[in-house]
Structures are given as structure tokens and as C-alpha cells.
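K.L.:
Take this sequence and fold it.
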Amino acid sequence: MRNFLITGGCGFVGSSLALSLKAKDPTRRVLALDNLKRRGSELNLPRLKAAGVEFVHGDIRNQEDLEAVGEVDLLLECSAEPSVLAGLTGSPAYVINTNLMGTLNCLELARQRNAAFLFFSTSRVYPMAGLGEVKLTERTTRFELDEVQDQPGLSGKGVSESYGLEGARSIYGATKLASELMIHEYVEAFGLKALINRCGVLTGPWQFGKQDQGVVVLWAARHHFEGKLGYFGYGGEGKQVRDILHVQDLYRLVELQLGRLDQWRGQVYNVGGGREVSVSLAELTALCQAATGKKIPLGSVPENRVADIPLYLTDNSKVTAATGWRPQIGPEQIVNEIALWIKNNETLLAGVLQ
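P.N.:
Presented below is the predicted three-dimensional model:
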């Protein structure tokens with residue numbers, strides 16, 4: 001397998017995977033296709049060029065842009081409008097066209113080129129209502145998931161792939177779930193080799209975090225530049241919890257999955273940090289204070305926001321059983337790496353993260 005096409009290739013996940021895949025085997029031809037819409041994505045262009053990754057300025061909504069890329073052995077579909085709020089406060093049509101119709105165009109290219117298809121989905125495919133009713137225990141700095149839960153697919157480990165899908169989830173989550181359904185149809189109808197990774201919160205250096213996407217980088221950047229932050233919802237104490245996953249841990253999984261290409265049949269895997277690599281906002285604040293040496297005032301709004309949940313943990317049992325993969329990079333190392341990256345690139349990042 002030599003020809004890799006990464007859609008969303010100048011975004012955080014796409015560019016990180018492109019660089020790592022190329023570094024692992026320089027004989028690989030790695031193409032990064034991106035429309036450069038997201039602010040900061042253009043900053044990845046020099047890094048990609050220096051590593052020998054080819055940049056294609058294109059948009060997955062345009063089939064012609066995809067068809068111009070040449071030979072493809074593996075398509076990694078990393079492109080997305082990843083904001084939950086985008087479909088609520090902005091145009092739902094844009095989110096649908098990008099996340100669903102764009103994926104359909106990618107599927108067509110994979111079918112035409114007989115390429116394997118690796119889809120990066122999201123934990124946001126799971127319905128909001130049930131996730132808002134998980135059984136929790138309140139601790140000093142965080143909510144903890146109770147070991148015994150009454151919802152199928154939910155345990156003390158977190159959310160598994162068998163968690164129910166009935167109910168609303170957000171426009172963003174719906175487009176990703178609809179894309180998953182179409183992938184299954186292409187696997188069945190055309191014998192497409194495909195895998196689906198439902199990712200939780202991904203993070204690491206070179207993520208240009210903002211309020212509704214990229215919270216770990218946002219939190220570290222606000223501390224570094226001494227900006228404003230606040231705890232919103234659930235009492236305003238910052239006890240909401242998410243598991244987080246360093247993008248290099250995701251890359252390690254991708255390499256393991258590539259080694260099992262003959263087994264790709266459209267399987268779905270939840271992929272995240274799990275309980276071991278999780279953090280509350282209050283704990284994230286403490287880590288950022290330690291990493292930056294700065295303490296900033298924090299606002300507090302007790303009332304919950306739309307599309308928020310108190311806790312999300314990924315049950316990685318299925319993907320671990322299939323590949324042996326487990327996350328290796330913990331919250332402290334993640335925050336320290338991000339803080340150092342911001343410090344070393346302060347001038348470059350000030351216009352994007354400040």
C-alpha cells in the first residue's frame with residue numbers, strides 16, 4: 001500500500017496522521033487534500049511540505065477535486081465540520097453538505113479506485129438524552145461514572161459500541177452517523193474494505209482549539225496568553241469530565257489497523273482515552289496552571305448549555321481486543337506538550353489562539 005489520500009489533510013487530525021504516516025515509511029506517497037477553511041490550517045502547509053507530503057487544494061464537496069488526485073490505495077476520511085454548535089447556530093445545510101455529502105463523494109472515489117476506506121467518526125453519534133442521564137457520583141474535582149448503570153451499552157468503563165442509537169444527537173452527530181450507515185452499504189454492495197473509528201476528544205500540539213472544539217488546547221492557550229475562561233453548567237464548578245486522546249496514540253492505532261487490512265469489513269470501534277486518560281475542567285485548569293506557571297480568573301455559570309453532557313468516557317474494550325491497542329499518553333504529558341508547543345511558537349500562534 002503506497003498511495004495515501006487524507007481528506008481534511010491540513011486539519012489537526014489529518015495533518016498529524018499525514019506527517020506520522022510519511023515519517024514511518026518515506027516511500028509512501030501521502031496526499032493531503034484540504035479547502036483551508038478552518039482558521040490556522042494554513043499554518044500546517046510548511047510542515048507538510050518539509051516532510052514530503054503533497055498538498056492538494058480541494059473540497060470534498062466537489063467530486064472533481066477528488067477525482068484529480070490520481071492513484072489511491074487508502075483514503076483516510078478526516079474532513080469534517082466538527083463543531084456541534086455549527087449546525088445549531090449556523091447553517092445546517094453546510095454541515096450536512098460537508099459531513100455527509102462530502103463523505104459520499106469520498107466513498108465514490110474509494111469505490112472507483114478500489115481503495116480501502118478509513119473513516120474517522122465521533123462519539124457524538126450517541127444520543128444526547130441518555131448520556132445526560134448516566135449515573136454519577138460527585139467527587140471533589142470531578143463527576144465519576146458509577147460502576148453499575150441501567151442503560152445497555154454503558155458501564156463503569158464508559159460507552160461501548162452497543163449503546164443505543166435511538167434519539168437526537170445534534171446535526172453534526174447525525175451527519176456522521178448517516179455517513180457510517182452509507183459506509184456499511186458500500187461494504188455490502190461493493191466489497192469496500194472499510195473501518196470506522198468513533199473518536200472522543202482528540203488533542204495534542206498543532207490543534208487550533210476554539211470554544212466548541214479543541215478544549216484542551218483552548219484551555220492551555222488561555223492560560224498562556226492570560227485570557228478569559230469560565231465553567232458553564234452543572235453548578236459552574238468545572239466537574240464535567242471527558243476522556244482525551246493524544247493524536248499520536250490515534251496514529252499508533254491506525255498503523256495497527258493497517259497491519260490487519262485483510263480483516264476490514266466495516267467494523268466500528270470506539271476510540272478514546274477511557275477512564276485512565278480522562279480529565280475534568282477543574283483538573284484541566286490545575287494542569288494548565290502547573291504547565292504554564294500562570295493562574296487566570298475563572299467565571300462561573302451554573303446553568304447548563306445546549307448540547308452539553310456531564311461526562312463522557314470511552315469503553316475501548318472492543319478495539320483493544322481486536323488490536324491490542326491502549327492509550328499510552330496521560331493528561332499531564334498531553335497538557336505539558338501543548339503548553340511547550342504554545343510557548344515555543346508564541347508569535348506564530350498568537351493570532352490563532354489568543
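
K.L.:
Identify the residues contacting the most centrally placed residue in the chain.
P.N.:
Of all residues in the chain, the one closest to the mean position by C-alpha atoms, centre = their mean is Leu202, 4.4 Å from it. By C-beta atoms under 8 Å, 6 or more residues apart in numbering, the residues touching Leu202 are Phe12, Val13, Ile244, Leu245, His246, Val247, Leu250. Backbone N, C-alpha and C define where each C-beta goes, glycine included.

K.L.:
Can you report how many residues neighbour the first one?
P.N.:
When you say that, I think you mean Phe12. By other C-beta atoms under 10 Å, the residues close to Phe12 number 26.

K.L.:
That one: what's it in contact with?
P.N.:
Here Phe12 is in contact with Leu202, Gly204, Trp206, Gln207, Phe208, Gly214, Val247 (C-beta under 8 Å, 6+ apart).

K.L.:
my read is the fifth one is in a helix, agree?
P.N.:
No - the secondary structure assignment for Phe208 gives coil rather than a helix, going by DSSP: H, G, I helix; E, B strand; the rest coil.

K.L.:
quick one, phi/psi of it?
P.N.:
Phe208 has phi and psi values of phi -100, psi 80 when expressed as degrees, to the nearest 10.

K.L.:
The first one too?
P.N.:
Taking degrees, to the nearest 10, you get phi -100, psi 150 for the backbone angles of Leu202.

K.L.:
Regarding this protein, what is its longest helix?
P.N.:
Determined from DSSP state H, the single longest helix within the chain is helix 171-190.

K.L.:
Doesn't Gly70 lie inside a strand?
P.N.:
No - secondary structure of Gly70 (three-state DSSP): coil, not part of a strand.

K.L.:
nearest spatial neighbour of it, skipping sequence neighbours?
P.N.:
Excluding its sequence neighbours, the residue lying closest to Gly70 (C-beta to C-beta, 6 or more residues apart in numbering) is Asn3, at 7.4 Å.

K.L.:
For Thr140, see how far away that neighbour is.
P.N.:
52 Å (C-beta to C-beta, to the nearest Å).

K.L.:
residue boundaries of the helices in the stretch 201-350 of the chain?
P.N.:
215-224, 247-258, 281-292, 317-323, 331-344, 346-353 (DSSP state H, counting those that start in this stretch).

K.L.:
The helix or strand just after the longest helix of the chain - contacts with which helices or strands?
P.N.:
Moving toward the C-terminus from helix 171-190, the next helix or strand (DSSP states H and E) is strand 194-199. Here strand 194-199 touches strand 116-122, helix 171-190, helix 247-258, strand 267-271, going by 3 or more C-beta pairs under 8 Å, 6 or more residues apart in numbering; DSSP states H and E.

K.L.:
Strand partners (parallel or antiparallel) of strand 194-199?
P.N.:
Applying DSSP bridges, strand 194-199 is found paired with strand 116-122 (parallel), strand 267-271 (parallel).

K.L.:
Could you give the average pLDDT over it?
P.N.:
Per-region confidence: strand 194-199 scores 99 on mean pLDDT.

K.L.:
Contacts for it next, please.
P.N.:
Under C-beta under 8 Å, 6+ apart, the answer for strand 194-199 is 110, 116-123, 125, 161, 180, 183, 186-187, 245, 250, 253, 257, 264-272, 319.

K.L.:
Could you give the separation of it from the chain centroid?
P.N.:
For strand 194-199, the separation from the chain centroid amounts to 11 Å (computed by C-alpha atoms, centre = their mean, to the nearest Å).

K.L.:
and it with helix 247-258, angle?
P.N.:
160 degrees (axes from the mean of the first three to the mean of the last three C-alpha atoms, to 10 degrees).

K.L.:
residues near the residue lying closest to Gln267 once chain neighbours are set aside, how many?
P.N.:
Nearest residue to Gln267 in three dimensions, chain neighbours excluded: Leu195, at 5.8 Å (C-beta to C-beta, 6+ apart). Per other C-beta under 10 Å, the neighbour tally for Leu195 reads 25.

K.L.:
Tell me the spacing between Leu195 and Leu256.
P.N.:
Taken as C-beta to C-beta, the span from Leu195 to Leu256 is 11 Å.
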